[in-house]
Every structure is written in C-alpha cells, then in structure tokens.
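*Asks:* Sequence plus predicted model, see below.
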Amino acid sequence: MRSEVLYISSAGALQVLPGGGAHAPLAVIVDLLEEHLERAALPQARGGDLRQLAARRLAAQFPDTPYRLALPLRNGSGEDSHVFVGVPADRLDASLQPLVDAGRAVRGVWTIALLLSWWLRLVGIRLPHLLLVIPTPAGIRHVYLRAGLAVVSRLIPHDALGHGSSSVDEELARTVQYLYNARLIDRETVLPASLLGSAEATPPTLANVRWLTLPAARGLPDLGGRGIAALAELLQQRPPRAQLAPAPVRMHWLGRRFTTAVASAAAIVSGALLFASLSATVQAGLARETASALRAEIAAMIRAEASADTPEPSGVTPRFAAHVWRIHQTRIDSAPQLRPALFAAASAFDAAPEFVLDEFVWRAADRRPAAIGAGEEAKDFPCAPASGDETATLYLGGKVSHEVGLRRALVARERFERALDAVKGIRVQTKRVPVTPEGPIDSAAAERGFAYCVWLREPQ
C-alpha cells in the first residue's frame, strides 16, 4: 500500500501526497528551523563497538528528543566520522501523537536533508562537495553535502527573506561564508551547487560557486525540475531505511510489518507442506505400483518352481526366488508397524526432557526382542508378551537427569505419562516408579531409573 506523505513545518502539518486508502501508512517529511546536524569523529572502533559508541554520542548530543539519528560519513579518509541528526520532539509529537493514538501507522520521519542524500545515492552522485538549494513551503533550505551525505542544513523562513531577490542572494552568500568559516571547504575550492524545483529561476553569481543541473534518473522523480514534490514521490516509491522516528511512534507500522512477515512465512510453509504432501502421495503411488509388479513377477516364479529349476538369465533359480519371497513374507512383510509407538515415545520425551533414554527394546508378537542402544540382541525382555489384538511391545528404560530435584521429577513424570496416554492405539504400563512423594528416588531404581512398557494394538 502506498504511503500518505505528510509535511510538517513550524506552521503545522500539511498533506503533500495522498496514500493508497484511509488506512495507508504515513511517511512524514519534517522541515523545521530547529533541525540540527553535528559532525564528529569517533574513536577507532569496528562493528558493534562502533555502533555502541555512535549510539552513546547520539544520546549525549540530543538528550531531549527521541527523533534522532547517527549516520556514518564515509569520505575515504579512514576516520570514523559520523553525522548526528536531531529535531525537536514537541512539534512532531503535537502532529503525530494524535494520529498514533487513533491507530495510524507511521512508517517513518525524514528530513529534507536525509531525502536529498538518499536521492543522490540512488542516482550515484557522490561529489566531495555539493550545495543544494530547494524551496519548501516553509522557506528556502540550503543543504551542504559532503561525500553524498548532508552535514549542514539551514532553513531561511519566508518572513526572513523579504520580497526581493537580493535577500535570497545574501542568504546564500552567508551559507557559503559559513562553510568557509567552519573549514568545511577551502576558499580556493570551487563549490558545485544546484537550484532545485525552479527551472525558470536564474541562480545568483557567487565567487567559487559553479551552478549545475542535476541529471534526471530513470525510474526516479525529477528532483532538479520538481524539488520537494519529487522528494515526496520518492518517499512513496523508495523510502530510505534510515529515519528519525522512535519505536513508540512507529509501533503500528512495526506491528503491521511483523504481521505481514508472519503471514508470508506461513504461506511459504503451507506451500512447502503441500508440495511435500503431493510429492509423498506421488511417490507412494509409484511404490505401490512397483510392489504390485514385483509381487506378480515373484508369484509367476513360484508357479514355475513346480515345473522347472532352470536358472533365469540373471542366474537365480525359481526355487531360490520362492525361498527368498517366503522369508520376506514371514519375517519382513508381516513385521508390525512401529510408527505409532515411536511417535508416542518421541512425544513423551519431548514433553519431559528431564527423562534420559538409555535402552529401547521392541518385540513383535511371538518373536525374539531386538535391542537398540546396547548394541546387542536383548536376552531377557522385561515386558509381558503382547496379547489379543496387540502386535508389538516396546520397552523404554532410562533415568531421570541428576540435575532434577524431587518436585521437578514428579512434574516431569506426569508430563511424560500424559503424553503417552494421549496417543491412540497403544497401551502403557509403568514397570517401576522413578520418584515417589515419600522419598527422592525409589530405592528399587538404583540410578534414578524409569521403565515403561508400551503395547501396540492392531490398527482398526
């Protein structure tokens, strides 16, 4: 949704460009006489240390306003210079706080100097020195940029200009003189300058000032011909990330962005799950077709067993293939599906991370148990055999973490058993109680042990 551009000056708030609807976010241009820019070099630091230094210096520079920003000045000299920007909070809060209280989303607050720096960066203009003159509803603003970043911003109000062009020329000469006195430029340096938004106006003639026309950039508003109107359009199309508004002013915008990000992530996850489901369905169908073809081929070989024992071209006789097939039917194909029981065990251990699994043994009905964890076949199965419609039995053995006290162990046991009971198609029995209310650990469990038997029922 396109933002609604709001212009705030000492005279109040003024809508510059409408947005994409009644609930469009607000992008604010602030044009105040009290705007301050300070340039300072910080001690040599890198990464997070440098950001912390800049944040502390910014707070010390503008302690009375939350509308502040620190920007690195990369001029190729190797020093860690920053430009600290701050505007007073009273005028902005008077215009923005009622809108925030009403639920309007404020995308950000930008000064004209920040937007000019952003436009030059997008176009790729990065002169060592540049002076821009731009008329605004509040007056005429002079912005001096060094290496593409604004370091001086001066507003001359309309009531200070008078009615003649001489006063405009005099104010421009004062700005250039200030740049000389502040040693931002040498007196011998030819200062490039551009008059924005007034194509028909004739720029004044000043010593060592060379007037130029900013080039039009494809896909960007014409700054040279349209001035502040172009900055408003730029703010709608491609707003810069660096802005002045504190988080409480932007809370509705940040909440909207978070909701959008969550919805996008959910859509991506849903699409991935749908694709995985479709892929699994297709693969299962192919597997069923392959299994059916394999069964038909083996059945034909079994039928041929009674009449011939001649090896096939692969070297396998029908009798041998039939023997392998019978082993598959009796040992593999008839093995129970352990997925529900494994899911139950995983859910229980996830619910009670205090329980540490040491031994996992399973046994199909009328078969020897198979152990996982000890590395050897289990000899004595601790659980009763499966009965009725039960197809397999699992034994879960382990201990409670030594860092867990009595109360926490009792709570963990309750969570563990609730998770097991919540799984359908199984029957659970506790072999011995890991903890009891009467004592810290049951004496029968020498190592704070626990043991559970899980019987898997035939799916209905």
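*Replies:* All right, it came through fine. A quick note: this is a predicted structure, and the numbers were derived from the prediction, not measured. Residues are numbered from 1 along each chain as shown.
*Asks:* For the helix or strand containing residue 177, buried residues please.
*Replies:* Assessed by DSSP states H and E, residue 177 sits inside helix 165-181. Neighbour-count burial for helix 165-181 flags 168, 171-172, 175-176, 179 (criterion: 16 or more other C-beta atoms under 10 Å). To be clear about C-beta, it is placed using only N, CA and C from the backbone, and glycine gets the same treatment.
*Asks:* do stretch 111-128 as well
*Replies:* If you call a residue buried by 16+ other C-beta under 10 Å, then stretch 111-128 has these buried ones: 111-120, 123, 125.
*Asks:* For the stretch 301-450 of the chain, just list every one of the strands.
*Replies:* Applying DSSP state E, counting those that start in this stretch to the stretch 301-450 of the chain gives strands spanning 355-364, 370-372, 390-400, 426-432, 449-457.
*Asks:* Can you lay out the ones you listed as TSV showing distance to residue 225?
*Replies:* Output for the strands of the stretch 301-450 of the chain, formatted as TSV (distance: least, C-beta to C-beta, whole Å):
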stretch	distance to residue 225
strand 355-364	73
strand 370-372	77
strand 390-400	77
strand 426-432	77
strand 449-457	79
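*Asks:* Relative to residue 62, which of those is closest?
*Replies:* Proximity to residue 62 (C-beta to C-beta) singles out strand 355-364 among the strands of the stretch 301-450 of the chain, at 55.1 Å.
*Asks:* Can you name every helix or strand that that closest one contacts?
*Replies:* helix 339-351, strand 370-372, strand 390-400 (3 or more C-beta pairs under 8 Å, 6 or more residues apart in numbering; DSSP states H and E).
*Asks:* looking at these, which has the lowest confidence?
*Replies:* Among the helices and strands packed on strand 355-364, strand 370-372 has the lowest mean pLDDT, at a mean of 51.
*Asks:* Spell out which helix or strand contains the residue nearest to residue 17 when sequence neighbours are not counted, please.
*Replies:* Distances taken as C-beta to C-beta, 6 or more residues apart in numbering put residue 5 closest to residue 17, at 4.1 Å, once the chain neighbours are dropped. If you go by DSSP H and E, residue 5 is part of strand 4-9.
*Asks:* Work out the sheet partners of that strand and label each with its direction, please.
*Replies:* Sheet pairing here is set by DSSP bridges, and for strand 4-9 it gives strand 12-17 (antiparallel), strand 26-31 (parallel).
*Asks:* what sits up against that strand?
*Replies:* Contacts with strand 4-9, where a contact means C-beta atoms under 8 Å, 6 or more residues apart in numbering, come from 13-19, 24-32, 91-92, 95-96, 136-138, 228, 232, 235-236.
*Asks:* Tell me where the stretch 151-300 of the chain has helices.
*Replies:* Remark: helices assigned in the stretch 151-300 of the chain by DSSP state H, counting those that start in this stretch are 165-181, 223-226, 228-237, 251-305.
*Asks:* care to break this protein down by domain?
*Replies:* Listed domain ranges for the chain are 4-249, 261-333, 339-457 (source: automatic domain parsing).
*Asks:* Flag whichever of the strands paired with strand 4-9 has the least confidence on average.
*Replies:* Among the strands paired with strand 4-9, strand 12-17 has the lowest mean pLDDT, at a mean of 77.
*Asks:* Count the residues that sit near residue 74.
*Replies:* Using other C-beta atoms under 10 Å, residue 74 has 14 neighbouring residues.
*Asks:* re earlier: comparing the helices of the stretch 151-300 of the chain, which yields the minimum mean pLDDT?
*Replies:* For the helices of the stretch 151-300 of the chain, mean pLDDT drops lowest on helix 251-305, to a mean of 61.
*Asks:* distance of residue 342 from residue 387?
*Replies:* With distances taken as C-beta to C-beta, to the nearest Å, residue 342 is found 21 Å from residue 387.
*Asks:* which one of the two has more residues nearby?
*Replies:* Neighbour totals were compared for residue 342 and residue 387, and residue 342 leads with 15 against 10 (other C-beta under 10 Å).
*Asks:* Contact partners for the more buried one?
*Replies:* If a contact means C-beta under 8 Å, 6+ apart, then residue 342 has no contacts.
*Asks:* where's the residue lying closest to residue 2 once chain neighbours are set aside, which helix or strand?
*Replies:* Closest residue to residue 2 apart from its sequence neighbours, by C-beta to C-beta, 6+ apart: residue 20 at 4.1 Å. For residue 20, there is no host helix or strand (DSSP H and E).
*Asks:* Number the residues from 41 up from this point.
*Replies:* Sounds good: first residue 41 from here, last item residue 60.
*Asks:* Can you tell me how far residue 60 is from residue 66?
*Replies:* Residue 60 is 12 Å from residue 66, by C-beta to C-beta.
*Asks:* what sits in contact with each of these two?
*Replies:* By C-beta under 8 Å, 6+ apart, the residues touching both residue 60 and residue 66 are residue 43.
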